[in-house]
Structure formats: C-alpha cells, structure tokens
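**Q** Sequence below, structure please.
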Amino acid sequence: ASLWLRHMSWKEMGFRRPASWSQVVLTGTGIAGAGALLSEKIISPLLLRLTGETQPQVVEFAPLRGNLFYYLFLLTGIWLLAAIGEELVYRGYVLNRLVDLFGHRKIGWGISLIVSSLMFSLGHGLFNLAVIIGDFILGLIEGGLYLAGGRNLWLSVVFHGTWDTIFLTLFFLNL
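**A** The predicted model follows:
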C-alpha cells in the first residue's frame, strides 16, 4: 500500500532481473556457504561464549529429521517467505524508507543499514542475545549484498535462501 501511495513499484526497490543470473547464484551461494561454515565453527561459538549462553534447542525442527516431505515443504517456505519475502521487506522496503528518513548520502545509507539490520535481528531474536547478534550480522551482510549489487535484491535473496537451506539441511540430516 505504501508503494502504491508513493507511485512506486517493487522493481524500484530492487526486485528486478540481475545483469547476470549465474554471477548472482555463484556469488550468493559461495558467500552463504563460506559464511555458514565460519558461523558454525567460529562466530556462533564465540558469541555463545561472550554472552554466557548455550546453544538454543530448536524443538520445533525435531519432526524434520529424516522427513523428506516436511523438508521439501519447509524448503519451499524458506525460499518464498524468508528469502524472497524478508528481502523484499527488510532490504527492498525498510532499508529504502529509512534512507528517505536519514538521507541519500553515504552516512544515511550506513545508518539505514544498521537500523534495518537491527530490526531484522530483533524480528528473529526469539532465542537469546547470541542469536540476536548473529542475526544482526546476517542483516548487515544481506544489506551489504543488496547495496553492493546495485540495490538489486537477487544477490541478497540467493544468499538468504542458501543460508537457510544449509541450516535446514543440517537439521534434516540430524547434523
């Protein structure tokens, strides 16, 4: 409704075809894969140690272990709702609306990136402070990819979807 009232489209927010699909897919999946490995081996343990918290137990994913139908169902939801939906909202819409508020200079984009990443992390921070901080870092990465990709959402969508797919797959395989 806000875009309609502003006479704007999602295309103007970055939901448009990238110059190179192969570059977007390779870059997004590569960064997500490297980031997931770094997160599991270094960042998450460090955040848990710094906050004194333990790894949250995600009980609602217990039925996922070995259940292919449920895995494919959640995988579809992850790509549609999380990867595409959240990137449209947090990077395409919120980040751009914050830039309207803070200014279209580098400092305005920087502040907007931080604020939108904080909003993203608080929206996901259902577990503990370590998760909130980790999701804040993810928000910064996704926002950075959006900006580095010329304000095109597809690089952050591919990163986000691949990131979530990696961890969903680990739950599915009971790893």
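**Q** Need phi/psi at Pro18.
**A** In terms of degrees, to the nearest 10, the main-chain angles of Pro18 are phi -80, psi 160.
**Q** For Asn128, give me its contacts.
**A** Thr51, Glu53, Pro56 (CB atoms under 8 Å, 6 or more residues apart in numbering). Yep, even glycine has a C-beta here, placed from its N, CA and C like the rest.
**Q** would a markdown table of the residues you listed with neighbour count, secondary structure and pLDDT be doable?
**A** Converted to a markdown table, the contacts of Asn128 look like this (neighbours: other CB atoms under 10 Å; DSSP: H, G, I helix; E, B strand; the rest coil; pLDDT from 0 to 100):
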| residue | neighbour count | secondary structure | pLDDT |
| --- | --- | --- | --- |
| Thr51 | 14 | helix | 90 |
| Glu53 | 14 | coil | 85 |
| Pro56 | 12 | coil | 71 |
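**Q** between the residues you listed, which is nearest Arg91?
**A** Pro56 (25.4 Å; CB to CB).
**Q** how about the helices in this protein?
**A** Ranges of helices in the chain, per DSSP state H, are 2-5, 10-13, 21-38, 44-51, 68-77, 96-102, 106-124, 129-148, 154-172.
**Q** how about the ones you listed in TSV, adding distance to Glu60?
**A** What follows is the helices of the chain, written out as TSV (distance: least, CB to CB, whole Å):
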stretch	distance to Glu60
helix 2-5	32
helix 10-13	31
helix 21-38	20
helix 44-51	19
helix 68-77	10
helix 96-102	31
helix 106-124	14
helix 129-148	14
helix 154-172	10
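**Q** now for these, which one comes closest to Ile84?
**A** Between Ile84 and these, the shortest gap by CB to CB is with helix 154-172, which sits at 5.6 Å.
**Q** Please point out which parts of stretch 109-129 sit buried.
**A** Buried residues in stretch 109-129, counting neighbours by 16 or more other CB atoms under 10 Å, are found at 109, 111-121, 124-125, 128.
**Q** Same check on stretch 12-19?
**A** Buried-residue list, stretch 12-19, by 16+ other CB under 10 Å: Met13, Gly14, Phe15, Pro18.
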